[in-house]
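Visitor: Here you go, sequence then predicted model.
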Amino acid sequence: MTTSTAVALEDTTVAFRLGDERVYTAVEKARLTVAPGEFVAIVGPTGCGKSTLLNVAAGLLKPAAGSVTLFDRPLTGLNKDAGYLFQADALFPWKTAIDNVAIGLEIKGTPRTEALARAQKWLTSVGLGAFAGRYPHMLSGGQRKRVALAQVLIRDPKILLMDEPFGPLDAQTRQVMGNLLLDLWNADRKAVLFVTHDLEEAIALADRVVIMSAGPSSRIIGDWRVTLPRPRDIFEVRLDKEFHALHREIWSVLKDEVMKGYAQSTHAAEAV
Ligand SMILES: Nc1ncnc2c1ncn2[C@@H]1O[C@H](COP(=O)(O)OP(=O)(O)OP(=O)(O)O)[C@@H](O)[C@H]1O
């Protein structure tokens, strides 16, 4: 049977108890689908609920209403089909790069020699073949991200959930990492849900860009298809006329939400 969606959120509402009987509705009736092999970016103002939606797809947060399905099956508990990449490093500081990558396989019972051989291949794929024996503190921020990417991909997840994964990196390294991600994704297209506040990054990487309104009760207010040809080079694609036209169009909707989001984030008490 072919599945139509890798991830589907149907009318998903997420609310947080604030501990004093007040409830903060972060996201209301969000509808979002990611098809198998599709790269979808979520963009929205600060505090609108991007990470919240990702956490729902990860099975880390249970929505107050609505449903979450993965490959047409309801999600119950943690999403074991997914690999996560977050802004913060998730590397074990006491393990070398190769051990950090191999651990995902070793936990599943792969014999150590095989796990190490496959980890070495993945390190080579992310351009770190010669850095296998280094500990995280001996690597640059960009290199640590590469190890983290290899750590996720070696487990061959069906879905990648990425929350501002390149956020802490400098602008040039972000772009280099974006290209690396696109190369790896192109070779074996997985469903990707990628959260970013950077509209340019979203358009350069994704097949679809989804925009959220400012919270509280944030909604999905726009969904644009990016038809820029692939394979893409994200340095080059930013010079394309179509890129600029799309950026202008999306920004005309996003701009007001960014201003509202900033105002909300500084008046949390009134926002409830
Ligand atoms: N555990 C929680 N308890 C109460 N409120 C929460 C909790 N987690 C998130 N929120 C609130 O829900 C809203 C959405 O948060 P979320 O982290 O999803 O936003 P975001 O769009 O990812 O933000 P940013 O771009 O700044 O990272 C915010 O207003 C936040 O303060």
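Guide: Nice, I can see it.
Visitor: Strand partners (parallel or antiparallel) of the host helix or strand of Asp11?
Guide: In this structure, Asp11 sits in strand 7-17 according to DSSP states H and E. As defined by DSSP bridges, the strand partners of strand 7-17 come to strand 23-34 (antiparallel), strand 65-70 (antiparallel).
Visitor: Could you point out which of the ones you listed sits nearest Thr173?
Guide: Thr173 lies closest to strand 23-34 among those, at 26.4 Å (CB to CB). No exception for glycine: its C-beta is placed from N, CA and C like everyone else's.
Visitor: Now name the helix or strand holding Lys95.
Guide: Going by DSSP H and E, Lys95 is not in any helix or strand.
Visitor: before we move on, the earlier item: please identify the deepest-packed of the strands paired with strand 7-17.
Guide: Highest mean neighbour count of the strands paired with strand 7-17: strand 23-34, a mean of 19 (counted as mean count of other CB atoms under 10 Å).
Visitor: Return it as PDB; C-alpha atoms alone will do.
Guide: In PDB, the C-alpha atoms belonging to strand 23-34 read as follows (Å, rounded to 0.1, in the frame of the first residue of the first chain):
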ATOM      1  CA  VAL A  23      -3.900  27.700  30.200                       C
ATOM      2  CA  TYR A  24      -1.900  29.000  27.300                       C
ATOM      3  CA  THR A  25      -3.100  27.800  23.900                       C
ATOM      4  CA  ALA A  26       0.000  27.900  21.900                       C
ATOM      5  CA  VAL A  27      -1.300  26.400  18.600                       C
ATOM      6  CA  GLU A  28      -4.800  26.100  17.400                       C
ATOM      7  CA  LYS A  29      -6.200  23.800  14.800                       C
ATOM      8  CA  ALA A  30      -3.000  23.300  12.900                       C
ATOM      9  CA  ARG A  31      -3.300  21.300   9.700                       C
ATOM     10  CA  LEU A  32       0.000  20.200   8.300                       C
ATOM     11  CA  THR A  33       1.100  17.400   6.100                       C
ATOM     12  CA  VAL A  34       4.400  16.200   4.900                       C
END
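Visitor: Is the strand holding Asp11 positioned near the ligand?
Guide: Yes. Using CB under 6 Å from any ligand atom, we find that strand 7-17 touches the ligand at Phe16.
Visitor: re earlier: possible to save the strands paired with strand 7-17 as JSON lines with mean pLDDT?
Guide: Converted to JSON lines, the strands paired with strand 7-17 look like this (pLDDT from 0 to 100):
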{"stretch": "strand 23-34", "mean pLDDT": "94"}
{"stretch": "strand 65-70", "mean pLDDT": "94"}
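Visitor: Could you export those strands as JSON lines, including distance to the ligand?
Guide: Output for the strands paired with strand 7-17, formatted as JSON lines (distance: least, CB to the nearest ligand atom, whole Å):
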{"stretch": "strand 23-34", "distance to the ligand": "4"}
{"stretch": "strand 65-70", "distance to the ligand": "15"}
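Visitor: got JSON lines for the ones you listed, with distance to Pro157 too?
Guide: JSON lines is the format used below for these (distance: least, CB to CB, whole Å):
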{"stretch": "strand 23-34", "distance to Pro157": "13"}
{"stretch": "strand 65-70", "distance to Pro157": "11"}
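Visitor: now the helices for the protein?
Guide: 50-57, 97-107, 112-125, 141-153, 171-187, 199-205, 241-265, 268-271 (DSSP state H).
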